[in-house]
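Engineer: curious how this folds, go ahead:
(chains A and B)
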Amino acid sequence: MTTTPLVHQATAVAARATELTKVYGQGETQVVALDRVTVDFRQAEFTAIMGPSGSGKSTLMHCVAGLDSFSSGSVRIGDTELGSLKDKKLTQLRRDKIGFIFQAFNLLPTLSALENITLPMDIAGRKPDRQWLDTVINMIGLSDRLKHRPSQLSGGQQQRVAVARALASKPDIIFGDEPTGNLDSRSGAEVLGFLRNSVRELGQTVVMVTHDPVAAAYADRVVFLADGRIVDELTAPTADTVLDRMKRFDAKGRVS
Amino acid sequence: MFRTALRNVLAHKARLLMTVLAVMLGVAFVAGTLVFTSTISDAFQKSSAKGLEHVDVAIDPTTPDDGSETPGSAPDLTQKLLDRVTDVPGAAAATGDASGFAAIADKKGKLVGDGWSTRGANYYPGKDGKDPRYPMRDGRAPAKKSEIALDAKTAERAGFKVGDTVRMSVNGPVLEQKLTGIFTTDDGNVAAGGSIALFDTRTAQGLYTKPGRFSQIAVTAADGTSQTALKAEIEKVLPKDAEATTGKTLADDEAKSIANQMSGMQTGLLAFAGISLFVGIFIIANTFTMLVAQRTKELALMRAVGASRRQVTRSVLIEAFVVGAVAAVTGLAAGIGIGAGLRSLMGSFGGTVPDGPLVVSPGTVVAALVVGIVVTMFAAWLPGRRAAKIPPVAAMSSVHAVATTKSLVLRNTIGALFAGSGAAAVIAGTTMGSDGKLPMGAGAALLLIGVFVLTPLLSRPIIAAAAPLLRVFGISGKLARQNSVRNPRRTAATASALMIGLTLITGMTVIAGSVQQGIDKMATDSLKADYVVSMANFTPLSPDVEKTLTEADGVVATSPMRNSPSEIGDSTEYLTGVDPKTIGELAELPFKKGSFEALSGSGVVVDKATADREGWHVGSPFTVTYEDGRKGQLKVGGVYEGNEMIRGILVDKDTLAPHQSEITDMQVMVKTKDGASQSVKDALEKELGNNPAVLVEDKKDVSEAIAQMFTLMLNMLYGLLAMAVIVAVLGVINTLAMSVFERSQEIGMLRAIGLDRRGIKRMVRIESLVISLFGGLLGIGLGVFLGWAAGELIGTSLSTYELVLPWGRMGVFLALAAVVGILAALWPARRAARLNMLAAIKAE
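Structural biologist: Predicted coordinates:
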């Protein structure tokens, strides 16, 4: 099958991968994780990346987010081409333009909730925008827990802090790697609600890797990956439509 | 179980490397000490045995029962005795010995050798006209008063050839001798850098004994006669003031005394090895604690599949055994290297070590292995027990269980009790005079343990106090500070290792510096003389020296200081003969009562210590038995505060002279018209014939000599304690490596959200710096306290003692702690910065 180019000219693009290829190993043991993937992530859009295990969905996110190197092709965040950047510039780019939400929360246990939220700005040596910070904190509803340490917060609360940390520095784009993977369904729903609100109300751009159709249903668009290629795309998804598509790939996979 | 343990060791090679290194260093120190001391004592024994090769029976004058040797007293071995002994049945030959100190100057006028093992002796020709002990290589044996022969090594070193004129000194005046012969000898002292100058027997007797007298007679047995049989024969003809000893007994005695001297040194060195091993225990315990924590899941799994608690503990202990054994073996190898290195080091410092093979006794091997293995297993015992307490259910939990942080309340209470009672005992000890040693020592040990137990508690406030300083480093500084107090126990153990070393170093420095100043002050305060003249090795000076000095230009006053043993009541006291007319101008003594005025004829002045001991006051008469056995009446005319330079009973030299068998001066004090200056000193030295064996010292020289002695001592201590610091560095490296490992997920996250490699590195480095400086501060603080306390005790016997805080040195020590921190962080910081970000984030 051929990949369909998914370039839309209507809105500005926050991040774009073109002919992105990632190969692990050499010779006989060579594994192609990403095979000439071309995809756009538009501004103020909530995109979910889905696919079975080993489909390359996490690798795609890591490469686009500047966490991992790629073999060929190009990745742009805004106007910046990542392929040519050295570690130092790449680190700066992640710091200033990108927000991250991880599956395992990844908060620093020694810092309070508030300190964790402002950590990216502290690293950059910038003063946080007070007003924006208040907006973010109010949205995630943790204003009474700011002095608490992560160990004193529930899993859902910790991930909300992580969401706030990603939002606080007003990044161009936020990447989430299974952000609800370690949460119960109610806390997961809360976190996804915040992510969607940040896109709808604050104009944030969010890209999230997930394998949960319910989570994907919060997105504006779902991109499906299989065997390192983009195989399909769905706009305005619901949990059912997503599940349907996934079943189809699954069946196809078994037949072929 | 053993296989599992072995696999674990192999799986954590890098982690255990630091532990192995720490144990290895300690073991190497122990083994090095043992190898070094046994090598040296073996060499000394061989050399002394060699010296006794020509002696089957030695005859010595009987020494007094109380063991007090009388300086300058004439030996009573006569030529007649020698002749009689030669004729004893079973005797092959007898040699008379007249020997003593002899300093040789090289062509530039410098002393050859170190002054302690430079000897003069007599050439005693046998029946064939040759002395078998000294075979001549060039020229002939000395025959006249103005001739000498030198050993080949010394002649080569100083560049002398037969026919040269050699300047030398035996007891002050310079002798100019013609070199008639160069001989070879395998004398141990010469091998070790000493020298032997030979005179003809008559000259040697003139210099060292009395005409016709010997200081020792050595007899060789005829073939077939045993040493004991010969001794029995000789004893029949001996006068009662001489005794015979077999060569074997002499050799045995010598071996014993060498072993004694060595054991003192060995104990000292082993104490330092003990310190570094003790410090090593913290590191081992730390490592195993972390290994156990890391393997919680694994161990729980073992428990779940049926391993008993004891088996789990045993597996940790087996691991420790393997680590300890590896460390002990490598340590032993390194120790043998250290032993060899120490010997050549001592040789290059001109130390007196005879040649000999490196001795590695079985005892050394066993000691090294036992120490390495036992210390490691001991340190791993607690972590092993903790491992056994891991519940099997921990295997099921997904996240690795964080080590339960037990409340520190109990620990803090115990620590406070120890530290409090320790400090109290130390302070109490300061007020108890010389009885205070025990409470102070015990208190110091308690205090150290207490502070060690308390370090987790102390770490928080002290490190928090550093926060403002760390703000400069931004987020890296902040994270580092918080990381360093995250695991207070581990931080404490790491910092404690450094603390112990720095406590000792600082304490020693404070004490040594203060004592040095105290002694210096005492010596120079009491001295009004411009110069003190003495022999380089503190053997007696000929009275000619004083005569020469008195007649020298610009000299205003001189007084000799002569020592003569005497008996007062039941105890032996040394009488110091001085010139009563000039002593007041030369010495300033703090008189409690009376003055130097009282010193003349039978009037004497005594120091307070002696007066108190004997219960004397001004005016007390006492009876004294002089060294020649005659009795006399003396009267106390004044009581003064004694010091390092002048103490005891001062007597008019003319009162003493008739009773002295040989008049010699220990020192001559000199006052000059123009005071002390380089030109005056040069003039005096010239007057004395620029004699290398005679020291002309002014106050500054005296101070410098004292300072030099202390500097040398301190430098040696620093060198030894450096071991403990190196071990501590390994500990810091270890802890940081663990921290980086445990926090790899956090580090990955920090990298992902934008902290660059430099920031990560800086974070690790600052953590290291914080831990090291924390340990350094505690150590310096404790060191100053203990130094002060020990000083208070010393102050009771050294009146001019005053606490001197070496601020400069303390600054250096703190800087040293900082350097330790930075060095220790090099590798862990690099590792942290290179961590694979993605793997780290995903790691659970």
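
Engineer: so where's the chain uncertain?
Structural biologist: No chain was given, so I picked chain A. Scanning chain A for pLDDT under 70 picks out A:1-11, A:250-256.

Engineer: nope, chain B please
Structural biologist: B:1-2, B:14-15, B:63-76, B:113-116, B:188-189, B:191-192, B:346-355, B:395-407, B:644, B:842-844.

Engineer: ok, now how distant is the residue of it found nearest chain A from residue A:101?
Structural biologist: When scored by Cβ to the nearest Cβ, chain B has residue B:754 as its residue closest to chain A, at 2.3 Å. From N, CA and C alone the C-beta is placed, and that goes for glycine too. Distance, residue B:754 to residue A:101, using Cβ to Cβ, to the nearest Å: 14 Å.

Engineer: likewise residue B:547?
Structural biologist: For residue B:547, the distance to residue A:101 - Cβ to Cβ - is 100 Å.

Engineer: same question, residue A:60
Structural biologist: 16 Å.

Engineer: the two: which is more packed in?
Structural biologist: Comparing residue A:60 with residue A:101 by other Cβ atoms under 10 Å in any protein chain shown, the one with more neighbours is residue A:60, at 28 against 24.

Engineer: quick check: that one touching residue A:15?
Structural biologist: No. Using Cβ atoms under 8 Å, residue A:60 is not in contact with residue A:15; the gap is 10.9 Å.

Engineer: wait, what's in contact with whatever residue of the stretch 151-256 of chain A ends up closest to chain B?
Structural biologist: Nearest residue of the stretch 151-256 of chain A to chain B (Cβ to the nearest Cβ) works out as residue A:165 at 7.5 Å. By Cβ atoms under 8 Å, 6 or more residues apart in numbering or on different chains, residue A:165 lies in contact with A:99, A:107, A:116, A:117, A:118, A:119, A:120, B:753.

Engineer: mind checking the SS state of the first one?
Structural biologist: Classification of residue A:99 by DSSP: H, G, I helix; E, B strand; the rest coil places it in strand.

Engineer: give the contact list for residue 182.
Structural biologist: I went with chain A, as the question did not name one. Taking Cβ under 8 Å, 6+ apart, one finds A:103, A:104, A:105, A:155, A:159 in contact with residue A:182.

Engineer: hmm, I had chain B in mind actually
Structural biologist: B:136, B:137, B:138, B:139, B:149, B:150, B:151, B:152, B:155, B:160, B:162.

Engineer: smallest gap between chain A and chain B, at which residue?
Structural biologist: Ranked by Cβ to the nearest Cβ, the top residue of chain A for proximity to chain B is residue A:95, at 2.3 Å.

Engineer: and that residue, what does it touch?
Structural biologist: Residues counted as contacts of residue A:95 (Cβ under 8 Å, 6+ apart) are A:120, A:123, A:124, A:169, B:753, B:754, B:755.

Engineer: which of the three states applies to the last one?
Structural biologist: For residue B:755, the secondary-structure state derived from three-state DSSP is coil.

Engineer: grab the nearest non-local neighbour of it.
Structural biologist: residue A:123 (4.9 Å; Cβ to Cβ, 6 or more residues apart in numbering or on different chains).

Engineer: what's next to the helix or strand containing that neighbour, contact-wise?
Structural biologist: Element membership of residue A:123 [criterion: DSSP states H and E] is helix A:119-124. With contact meaning Cβ under 8 Å, 6+ apart, helix A:119-124 is reached by A:95-96, A:99, A:108, A:111, A:115, A:127-128, A:165, A:168-169, B:474-475, B:478, B:750, B:753-755, B:759.

Engineer: now do the contacts for the residue nearest in space to the middle of chain B.
Structural biologist: Centroid check for chain B by Cα atoms, centre = their mean gives residue B:713 as the closest residue, at 6.3 Å. Residue B:713 makes contact with residue B:512, according to Cβ under 8 Å, 6+ apart.

Engineer: same question, residue B:763
Structural biologist: B:476, B:477, B:479, B:480, B:483, B:750, B:755, B:832.

Engineer: wait, what's in contact with the closest residue to it other than its chain neighbours?
Structural biologist: Spatially, and ignoring its direct neighbours in sequence, residue B:763 is nearest to residue B:476 (4.3 Å; Cβ to Cβ, 6+ apart). By Cβ under 8 Å, 6+ apart, the residues touching residue B:476 are B:755, B:759, B:760, B:762, B:763, B:766.
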